[in-house]
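Chemist: need a structure here:
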Amino acid sequence: MSEKLIYLLQRMLRKTWWRCALLSLVAVLAVVLSTVLGPYIPRELALRLGSDSIDGLLNILASSMLTVAIFSASTMVASFGAVANSATPRAAQLLIEDSTIQNTLAAFIGAFLYSVIALVGLHAHVYGDGGRLILFGFTLAILLLVVIVLLRWIDYLSVLGRLGETIRRVEDATVRAMDQRLAKPFLGGRRQTRGERGSHEVMAPTTGFVQHVSMDLLQARAERLGTTLHLHVLPGAFVEPSLPLVSSDSPLDEVACKAIADALLIGSGRTFDHDPRFGLIVMGEIAARSLSAAINDPGTTFDVMATAVKVLGHWSRARSERDAKGDVLVEFDRVTAPPIREAGMVEDVFAPIARYGATAVEIGITLQQALRSLQRLEGDIPAAASELSRYALRRAAHAGLAEVDLAQLTGVAQR
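Modeler: Have a look, this model is predicted:
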């Protein structure tokens, strides 16, 4: 199975509908099993343990689950809007793909469908005494599941859509993407040196953002052509038909160009998968929104800066450990890929803060302290942090910061 197919399958499994369909199928199978296994239950046991309350239980389950499912769906939509308004619309993507929300909706819809189908069969007299007993057992199990899910859902609503929880989700998604990239720093290919490219190029077939690169398909095509392919874009890159995606050392026919272009999945927006910089960009957007005059929430900016320092520190330490071990996996030796730009990772999150927080001395002081922490790391991050520190001072001076505040800010930066 190709990496592209696995990626598309993973994206599909994050959709809500398949969980609802799966739980609904389980509910239908439970009703069918009650009919099939009923004749195998001894009549004496069925009469002794049979319950006359099954009809009432199913009626309660059917009426309540529909109401709860509608309420949960409306709460979910309201939370999406709250996250988009308080943080950034890009962060709502993480909430949409949240497994707890999807499992809750699937459980409620599955319980509703189970109770409706069971009631239809009950009133149609399809169950014997043994079938009613098995149906009663399944109903108790469904009720227990609903109670557990409902209690968990009530507790989960206390943090759903909160800004702090949104920042935590973005942090987790960014760290996951970083760990994936650190495990395969060049997507499993060879490191591409500066200026390395082939004489024959494959242009982007459409406009959008690179969401996934199937290195196995590129490797297979390179082996078939007996050449080396050079990848010039990473997940998250913006492309349009005049920009090259891949170049080759040997000529490419139309079939090869189409196969190479199909190995790259291009969509209308960026995703958190395989794109560590996107999470940092979203953090920068959250901080920039909190610094607007309409919101004026510097505390959120402080939280974002602390989270960004933590995330970049994780990247630097993990990268240093990997380099010390010399453990760089090369699965696709006929494909080269560029390294991620570490300086850009610093700019993604801290440049908006330096730009929009230039008039607030408390933001500037905390920003300088955060950048000083980054200067103690390894790789290209310290140099980028030093340059951004100077940029923040120039922005503060240009914004007309009071002389005493500017002197204080300069002193913090020079310490």
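
Chemist: which other helices and strands contact the helix or strand where P352 lies?
Modeler: Here P352, judged by DSSP states H and E, is contained in helix 342-356. Applying 3 or more CB pairs under 8 Å, 6 or more residues apart in numbering; DSSP states H and E, we find helix 342-356 packed against helix 276-290, helix 298-325, helix 361-374, helix 381-398. In short, each C-beta sits where N, CA and C put it, glycine included.

Chemist: between these, which one is closest to D348.
Modeler: Proximity to D348 (CB to CB) singles out helix 276-290 among those, at 4.1 Å.

Chemist: and the closest one, how far out from the chain middle?
Modeler: Relative to its chain's centre, helix 276-290 lies at 14 Å (CA atoms, centre = their mean, to the nearest Å).

Chemist: with only the CA atoms kept, save the strand or helix carrying T336 in PDB.
Modeler: Assessed by DSSP H and E, T336 sits inside strand 332-337. What follows is strand 332-337, C-alpha atoms only, in PDB (Å, rounded to 0.1, in the frame of the first residue of the first chain):
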ATOM      1  CA  PHE A 332      14.500   6.200  -0.800                       C
ATOM      2  CA  ASP A 333      18.000   6.700  -2.100                       C
ATOM      3  CA  ARG A 334      16.900   7.900  -5.600                       C
ATOM      4  CA  VAL A 335      15.000  10.900  -4.200                       C
ATOM      5  CA  THR A 336      16.600  14.000  -2.600                       C
ATOM      6  CA  ALA A 337      14.600  16.400  -0.400                       C
END
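
Chemist: what residues sit buried inside it?
Modeler: F332, R334, V335, T336, A337 (16 or more other CB atoms under 10 Å).

Chemist: ramachandran angles for the spatially closest residue to the third one that is not a sequence neighbour?
Modeler: Across the structure, with CB to CB, 6 or more residues apart in numbering as the measure, the residue nearest V335 apart from its sequence neighbours is G189 (3.9 Å). Backbone geometry at G189, expressed as degrees, to the nearest 10, gives phi -100, psi -170.

Chemist: I'd like the distance between G189 and L393.
Modeler: 40 Å (CB to CB, to the nearest Å).

Chemist: more neighbours, the two?
Modeler: Comparing G189 with L393 by other CB atoms under 10 Å, the one with more neighbours is G189, at 27 against 22.

Chemist: show me what that one bridges to in the sheet.
Modeler: Beta-bridge pairing for G189 (DSSP bridges): F332.

Chemist: distance of it relative to I381?
Modeler: According to CB to CB, G189 stands 24 Å off from I381.

Chemist: how is this protein partitioned into domains?
Modeler: Domains of the chain are assigned by automatic domain parsing as 3-161, 172-176+273-329+340-414, 186-267.

Chemist: D262 - nearest residue in space that isn't next to it in sequence?
Modeler: That would be L217: by CB to CB, 6+ apart, it lies 7.3 Å from D262.

Chemist: OK, contacts around A84?
Modeler: A91, A92 (CB atoms under 8 Å, 6 or more residues apart in numbering).

Chemist: tilt between whichever strand or helix holds it and helix 276-290?
Modeler: Under the criterion of DSSP H and E, A84 resides in helix 54-86. Relative orientation of helix 54-86 versus helix 276-290 (axes from the mean of the first three to the mean of the last three CA atoms, to 10 degrees): 80 degrees.

Chemist: buried stuff in helix 54-86?
Modeler: In helix 54-86, counting by 16+ other CB under 10 Å, buried: 54, 57-58, 61-62, 64-66, 68-69, 72-73, 75-76, 79-80, 82-84, 86.

Chemist: among the buried residues of strand 332-337, which one lies nearest to D273?
Modeler: Out of the buried residues of strand 332-337, the member with the shortest distance to D273 (by CB to CB) is A337, at 16.4 Å.

Chemist: what residues sit buried inside whatever helix or strand V202 lives in?
Modeler: Here V202, judged by DSSP H and E, is contained in strand 200-203. Within strand 200-203, the residues scored as buried using 16+ other CB under 10 Å are H200, E201, V202.

Chemist: against S250, how distant is the first one?
Modeler: Okay, so that is H200. Distance from H200 to S250, by CB to CB: 7 Å.

Chemist: A399 against T359, yeah?
Modeler: Yes. Judged on CB atoms under 8 Å, A399 makes contact with T359 at a distance of 4.8 Å.

Chemist: for L377, list the residues it contacts.
Modeler: Counting by CB under 8 Å, 6+ apart, L377 has contacts L312, G313, S316, R317.

Chemist: scan those and report the most crowded one.
Modeler: L312 (27 neighbours).

Chemist: where in the stretch 201-350 of the chain is pLDDT low?
Modeler: The stretch 201-350 of the chain contains residues with pLDDT under 70 at 327.

Chemist: buried ones in the helix or strand where V31 lies?
Modeler: Per DSSP H and E, V31 falls inside helix 16-37. For helix 16-37, burial by neighbour count (16+ other CB under 10 Å) applies to T16, R19, C20, L23, S24, A27, A30, V31, S34, T35.

Chemist: ok, back up a step: C-terminal to the helix holding A84, what's the next element?
Modeler: helix 92-96.

Chemist: and after that next one, which helix or strand comes next?
Modeler: helix 99-123.

Chemist: the inter-axis angle of that next one versus helix 54-86?
Modeler: Angle between the axes of helix 99-123 and helix 54-86 is 160 degrees (criterion: the same axes, to 10 degrees).
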